[in-house]
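Trainee: okay, predicted coordinates and the sequence, questions at the end:
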Amino acid sequence: MVAENKFFESYKKAVTTAASVAASMMLVRTVVNEVIPYELRDYVFSRFDVLRSRLSSQHTIVIDQAEGYASNLVFDAARTYLSTRINRSMRSLRVSMVEEGKSMVVSLEPGEEMIDVYQGIEFKWQLISQQVERSSIHTNSRFSGSATESRSFVVSFHQKHKDKILHSYLPFILEQAKAIREQDRTLQLHMNEGDGWCPVNLHHPSTFDTLAMDPKLKAAVMEDLARFVKRRDYYSRIGKAWKRGYLLYGPPGTGKSSLIAAMANYLKFDIYDLELAEVNWNTTLRRLLVGMSNRSILVVEDIDCSVDLQKRDERGSDDTSPSTSNDDKVRCDLQLLSCRPGLIKHMIIHQFISNHLPEISAHVLQITLSGLLNFIDGLWSTSGEERIIVLTTNFKDRLDPALLRPGRMDMHIHMGYCGPHAFRVLASNYHAIDEHNLFADIEGLIREVEVTPAEVAEQLMRSDDADTALEGLLEYLRGKKKDASEAKKMETEA
Ligand SMILES: Nc1ncnc2c1ncn2[C@@H]1O[C@H](COP(=O)(O)OP(=O)(O)OP(=O)(O)O)[C@@H](O)[C@H]1O
Ligand SMILES: [Mg+2]
């Protein structure tokens, strides 16, 4: 009975204290409402909440927008993170977009609150805004005297989670914000110019969804990429450079460049398109490779052309005879390289040098593909992370076997002619259709003739009307079939 009385005594006392605290709080609020200017009220109330939380089991952390002149990265991260967690039913929100094509940022309005649950723990977030006299932060500034807005986030949580918020929740928010920003980043395409890279924004629409290729191969490539980016620890454990090489081969117009763009869009990696013809010295190559950023894809297109250079370099100085077969080779190369003026120029010079000045050729043309790969192996094993190298060729059988040996290129990806499945992907891309009465005929012909996805895409683009476009494609395929059988007939006759 005595104990019970004691308990009620202390309970009454606690309630009285709480009531008096609450009454005091209300009194303070009333005073603040009457005395403090409107702009400062939120700020005062938030500080007041901080005080109140000290008296209770609730704790708060205040994250100011700026620390002196520097912006507070935790505030920025929280803003980015919270924009993805905001409950759309909230009464008042702020929406902004800083650049065309970027995602909209939805943020809290000052005074609004939201609850975020992390590992089962509730964290209450509130954005508060206050007007600060500029003179107080820019003492000698010409703006002194004018007011500026300063914002802060106040996070409230139960005191027992203090460690959790500092060591787990806030670091998690920083990570998440980084990933969100990375996802929203405009990719860059860098092209080599002299000793450096020249960047432009990359807005290539190709994605794995729009890419027409064998579905199993597509899934395997995506899986390989996803595994690669997760393997930081694995690569450091086995002591290898965190890099992966892909060799894409297949006829022109089968989607090699589209696949590279799809990889970049998928991983959010920048592309460095290395034009070897523009690189004349190993030192330049080294500078370019060192100048690449992490999480990027180095692309060397049409390497069969470069390999040709390499093979000639390897012939050494005793090959002095400008033979007819060499001339034929140059003619053939020129045909192949008709789209590559830089390389043609390079090759003509090289051909001239190897025919007429064999003893100096090795010094003048120092860039070889094998040199490039050696550089990459050496440089990237000591610097650089998450690097991908993609080589493309129309003629895999022309490549130096050293390039194809295991370990050099991790995955060889064949981009082939258009099959029925690839055709359906393209039909869906260009006309948003999954079925049509001409599909059966088209697919039948696609199995018989060699047609590239680029050719099919071009036919499909000719009309906005699906019927007309598919009829055009059917006609085109029939024409191809006829041409092929005539060519075969002539060949047999010959
Ligand atoms: N597999 C594909 N999936 C989707 N579109 C494709 C595919 N292949 C080609 N295309 C279309 O054809 C165009 C040319 O393709 P792309 O440049 O990717 O071919 P490529 O294999 O790189 O050719 P090249 O060997 O001449 O460089 C692309 O812009 C795209 O519109
Ligand atoms: Mg290409």
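Mentor: Structure's in. What do you need? Ligands and ions are numbered 1, 2, ... in the order given.
Trainee: next up, the contacts around the closest residue to residue 445 other than its chain neighbours.
Mentor: Excluding the flanking residues, the one nearest residue 445 by C-beta to C-beta, 6 or more residues apart in numbering is residue 477, at 4.0 Å. Placement of C-beta: from N, CA and C, glycine included. By C-beta atoms under 8 Å, 6 or more residues apart in numbering, residue 477 lies in contact with 442, 445-446, 449, 451.
Trainee: is it true that residue 477 lies in a strand?
Mentor: No. Membership of residue 477 in a strand is not supported by DSSP: H, G, I helix; E, B strand; the rest coil, which gives helix.
Trainee: go through the contacts of residue 477 and name the one nearest ligand 2.
Mentor: Nearest to ligand 2 among these: residue 451, at 17.2 Å, using C-beta to the ion.
Trainee: hmm, back to that, how near is the residue nearest to residue 445 to ligand 2?
Mentor: Residue 477 is 23 Å from ligand 2, where distance means C-beta to the ion, to the nearest Å.
Trainee: so which of the contacts of residue 477 reach ligand 2?
Mentor: Subset of the contacts of residue 477 in contact with ligand 2: empty, counting by C-beta under 5 Å from the ion.
Trainee: for burial, what's the neighbour tally of the residue in the stretch 201-350 of the chain that ligand 1 sits nearest to?
Mentor: Nearest residue of the stretch 201-350 of the chain to ligand 1: residue 255, at 2.5 Å (C-beta to the nearest ligand atom). Neighbourhood size, residue 255 [other C-beta atoms under 10 Å]: 24.
Trainee: was I right about it contacting residue 212?
Mentor: Yes. Contact criterion C-beta atoms under 8 Å: residue 255 and residue 212 qualify, at 6.6 Å.
Trainee: mind listing what the closest residue in space to residue 151 that isn't next to it in sequence touches?
Mentor: The spatially closest residue to residue 151, leaving aside those adjacent along the chain, is residue 65, at 4.6 Å (C-beta to C-beta, 6+ apart). Going by C-beta under 8 Å, 6+ apart, residue 65 touches 71-72, 75, 150-152.
Trainee: how about low-confidence regions in the stretch 201-350 of the chain?
Mentor: 305-350 (pLDDT under 70).
Trainee: name the element the residue in the stretch 201-350 of the chain that ligand 2 sits nearest to belongs to?
Mentor: Relative to ligand 2, the nearest point of the stretch 201-350 of the chain is residue 257 (3.2 Å; C-beta to the ion). Assigned by DSSP states H and E, residue 257 belongs to helix 256-267.
Trainee: now do that helix: which elements does it pack against?
Mentor: helix 215-229, strand 243-249, strand 270-273, strand 296-300, strand 387-393 (3 or more C-beta pairs under 8 Å, 6 or more residues apart in numbering; DSSP states H and E).
Trainee: 10 Å instead?
Mentor: strand 188-193, helix 215-229, strand 243-249, strand 270-273, strand 296-300, strand 387-393, helix 453-461 (3 or more C-beta pairs under 10 Å, 6 or more residues apart in numbering; DSSP states H and E).
Trainee: can I get the ones you listed in TSV including mean neighbour count?
Mentor: Shown next, in TSV, are the helices and strands packed on helix 256-267 (neighbours: other C-beta atoms under 10 Å):
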stretch	mean neighbour count
strand 188-193	18
helix 215-229	14
strand 243-249	22
strand 270-273	22
strand 296-300	23
strand 387-393	24
helix 453-461	19
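Trainee: nearest to residue 417, out of these?
Mentor: Taking C-beta to C-beta, helix 453-461 is the member of the helices and strands packed on helix 256-267 nearest to residue 417, at 8.0 Å.
Trainee: and for that closest one, what's in contact with it?
Mentor: Residues from elsewhere that reach helix 453-461, judged by C-beta atoms under 10 Å, 6 or more residues apart in numbering: 211-213, 250-255, 258, 415-419, 422-423, 425-427, 429-431, 442, 446, 449, 451-452, 466, 469-477, 480.
Trainee: nearest residue to the residue most central in space within the chain other than its sequence neighbours?
Mentor: Central residue check for the chain by C-alpha atoms, centre = their mean: the C-alpha nearest the mean position is that of residue 268, 0.6 Å away. Distances taken as C-beta to C-beta, 6+ apart put residue 182 closest to residue 268, at 5.5 Å, once the chain neighbours are dropped.
Trainee: just checking, the one you found touches residue 229?
Mentor: No. Assessed by C-beta atoms under 10 Å, residue 182 is found out of contact with residue 229, at 11.4 Å.
Trainee: any shared contact partners between those two?
Mentor: 267-269, 295.
Trainee: out of those, who's the most crowded?
Mentor: Busiest of these [other C-beta under 10 Å] is residue 269, holding 22 neighbours.
Trainee: pretty sure it contacts residue 388?
Mentor: Yes. Contact status for residue 269 versus residue 388: in contact at 6.7 Å, counting by C-beta under 10 Å.
Trainee: what's the overlap in contacts for the two?
Mentor: In contact with both residue 269 and residue 388: 225, 229, 263, 295-297, using C-beta under 10 Å, 6+ apart.
Trainee: which single one of those residues is nearest to residue 172?
Mentor: Using C-beta to C-beta, those come closest to residue 172 at residue 229, 19.2 Å.
Trainee: ok, that closest one - contacts?
Mentor: Counting by C-beta under 10 Å, 6+ apart, residue 229 touches 242, 244, 266-269, 295, 386, 388.
Trainee: greatest separation within these: which pair is it?
Mentor: The farthest-apart pair in these, when distances are taken by C-beta to C-beta, is 242 and 266, at 17.6 Å.
Trainee: count of neighbours near residue 374?
Mentor: 12.
Trainee: now name the helix or strand holding it.
Mentor: Element membership for residue 374 (DSSP H and E) is helix 369-382.
Trainee: how much does that helix deviate in direction from strand 296-300?
Mentor: 170 degrees (axes from the mean of the first three to the mean of the last three C-alpha atoms, to 10 degrees).
Trainee: who are the packing partners of the helix or strand hosting the residue nearest to residue 268?
Mentor: Here residue 182 sits within helix 170-184, counting by DSSP H and E. Counting contacts by 3+ C-beta pairs under 10 Å, 6+ apart, helix 170-184 is packed against strand 58-64, helix 73-83, strand 113-118.
Trainee: which one of those lies closest to residue 158?
Mentor: Of all the helices and strands packed on helix 170-184, strand 58-64 comes closest under C-beta to C-beta, at 6.5 Å.
Trainee: which residues touch that closest one?
Mentor: Contacts of strand 58-64 (C-beta under 10 Å, 6+ apart): 46-47, 49-54, 71-72, 74-79, 123-128, 150-162, 165-166, 169-170, 173.
Trainee: paired strands for that strand, with orientation please.
Mentor: Next to strand 58-64 in the sheet, as set by DSSP bridges, lie strand 147-158 (antiparallel).
Trainee: show me which residues of this protein sit near ligand 2.
Mentor: Residues of the chain lying near ligand 2 (C-beta under 5 Å from the ion): 256-257.
Trainee: repeat that with 6 Å
Mentor: Residues of the chain lying close to ligand 2 by C-beta under 6 Å from the ion are 256-257, 301, 392.
Trainee: what about stretch 82-97, start to end distance?
Mentor: End-to-end distance of stretch 82-97 (C-alpha to C-alpha, to the nearest Å): 15 Å.
Trainee: contacts for that stretch next, please.
Mentor: 102-118, 125, 127, 153, 173, 176-177, 180.
Trainee: try 7 Å this time
Mentor: 104-109, 112, 114, 116, 125, 180 (C-beta atoms under 7 Å, 6 or more residues apart in numbering).
Trainee: good, we can wrap up now.
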